[in-house]
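Trainee: Have a look at this prediction, sequence included:
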Amino acid sequence: MRKQFLTLLFAVGIFTASAQTGFPVNGVADPRTGTYAFTNATIVKDPQTTVQNASLVIRDGKIVAVGAGITVPKDAIVVDCKGKFIYPSFIDIYSDYGTPAVAPPARFNFSGPAQLTSNQKGAYGWNQALKADVDAVKIFAVDDAKAKLLRDNGFGTVLTHQKDGIARGTGAVVTLANKKENFVILKEKASAHYSFSKGSSGQTYPSSMMGSIALLRQTYLDARFYKANESKENLNLTLQAFNNSQSLPQIFEATDKWTDLRADRIGDEFGVQYIIKGGGNEYQRIKEIAATKATYILSLNYPQAMDVEDPNEARFVSLSDMKHWELAPTNPAPPWSL
């Protein structure tokens with residue numbers, strides 16, 4: 001199985017290897033672009049289609065043909081893949097790969113004055129939990145150590161963003177190739193991200209779920225007003241960025257079933273259909289979750305089994321924890337159409 005994945009990722013490396021003329025070459029230029037043909041392989045095109053004894057042809061970094069009975073171009077470099085499989089790589093749709101580490105949430109300082117206003121320099125909004133101006137593409141840096149772990153597990157591409165704040169700015173689609181950032185970025189602004197966590201903000205407000213909900217709702221109202229009166233208002237880069245990202249897929253990180261429903265209600269209020277990153281217990285309110293009609297990003301990391309061999313320790317394991325351990329693996333399963 002490991003050889004099968006390596007065959008795939010070798011192909012992924014070729015996809016991103018096409019030369020770019022906008023950068024100088026330290027030495028003799030040798031772009032090695034051309035045509036490659038992987039023949040005699042079992043190719044899994046999608047979950048419903050597997051082609052035996054098939055070929056995959058790549059020209060100048062792009063797949064131009066895949067299937068059985070394909071004529072191999074005369075100028076192609078041929079790689080015989082008999083006995084091997086070629087799969088599409090996995091895509092991690094919710095990642096912070098390549099973004100700077102975020103400071104832990106600030107704790108309230110009882111010994112000093114509360115931070116009531118933003119200390120961010122510049123023409124930004126009044127609350128530091130609103131980071132709509134952050135673009136992952138501008139802070140992204142290749143991290144091959146982390147990328148290798150993902151590649152070893154069959155991933156080739158991720159949608160990455162900085163997981164910090166209530167309005168988190170935009171995400172970027174990048175490959176996991178070990179190349180300069182300019183060569184791995186596939187889409188600069190692919191999504192807009194939200195949560196109910198204020199993240200690294202040191203401001204006192206918000207300090208509760210109610211406050212986070214109120215702040216997000218107020219931001220939608222402020223952004224709507226700013227858009228209608230932008231020529232009359234003072235420059236607000238936060239609200240400007242918030243408005244500019246509304247045409248992108250809107251992804252909301254939730255922590256459990258109740259947060260899913262709270263987020264969806266805010267979306268309904270302002271005409272936004274969120275893609276919801278679930279918390280893993282959606283199965284506990286499946287009818288209500290299905291009624292949101294939202295697309296969900298669901299984790300496949302399930303609770304580990306609890307040690308109940310010792311009766312003295314087993315009595316500290318709650319029935320709800322045991323039921324969650326048993327049923328959590330059913331979370332991604334149908335029926336989502338109830």
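Mentor: Structure received.
Trainee: contacts for stretch 137-145?
Mentor: Contacting residues not belonging to stretch 137-145 are listed as 97-100, 160, 162, 170, 172, 174, 178-181, 184-185, 188-189 [Cβ atoms under 8 Å, 6 or more residues apart in numbering]. For every residue, glycine as well, the C-beta is placed using N, CA and C.
Trainee: Buried only: go through these for me.
Mentor: Buried residues within the contacts of stretch 137-145, defined by neighbour count using 16 or more other Cβ atoms under 10 Å: Tyr97, Gly98, Thr99, Thr160, Gln162, Thr170, Ala172, Val174, Asn178, Val184, Ile185, Lys189.
Trainee: of those residues, closest to Glu326?
Mentor: Set against Glu326, the nearest of the buried ones among the contacts of stretch 137-145 by Cβ to Cβ is Tyr97 (32.0 Å).
Trainee: Wasn't the closest one part of a strand?
Mentor: No. Read with DSSP: H, G, I helix; E, B strand; the rest coil, Tyr97 is coil and lies in no strand.
Trainee: Identify each buried residue in stretch 67-74, please.
Mentor: By 16+ other Cβ under 10 Å, the buried positions in stretch 67-74 come out as Ile70, Pro73.
Trainee: likewise stretch 145-154?
Mentor: Neighbour count says stretch 145-154 has Ala147, Leu150, Arg151 buried, by 16+ other Cβ under 10 Å.
Trainee: for the stretch 101-250 of the chain, what spans make up the strands?
Mentor: Using DSSP state E, counting those that start in this stretch, the strands found in the stretch 101-250 of the chain span residues 155-160, 167-175, 185-194, 250-253.
Trainee: Could you check these and tell me which one is nearest Leu300?
Mentor: Comparing these by Cβ to Cβ, strand 155-160 comes nearest, at 12.9 Å.
Trainee: From the chain's centroid, how far away is stretch 234-251?
Mentor: 19 Å (Cα atoms, centre = their mean, to the nearest Å).
Trainee: what's the burial count for the residue nearest to Glu269 when sequence neighbours are not counted?
Mentor: Leaving aside its chain neighbours, Glu269 sits nearest to Arg217 (7.1 Å; criterion: Cβ to Cβ, 6 or more residues apart in numbering). Counted with other Cβ atoms under 10 Å, the neighbours of Arg217 add up to 14.
Trainee: With that, I have no additional questions.
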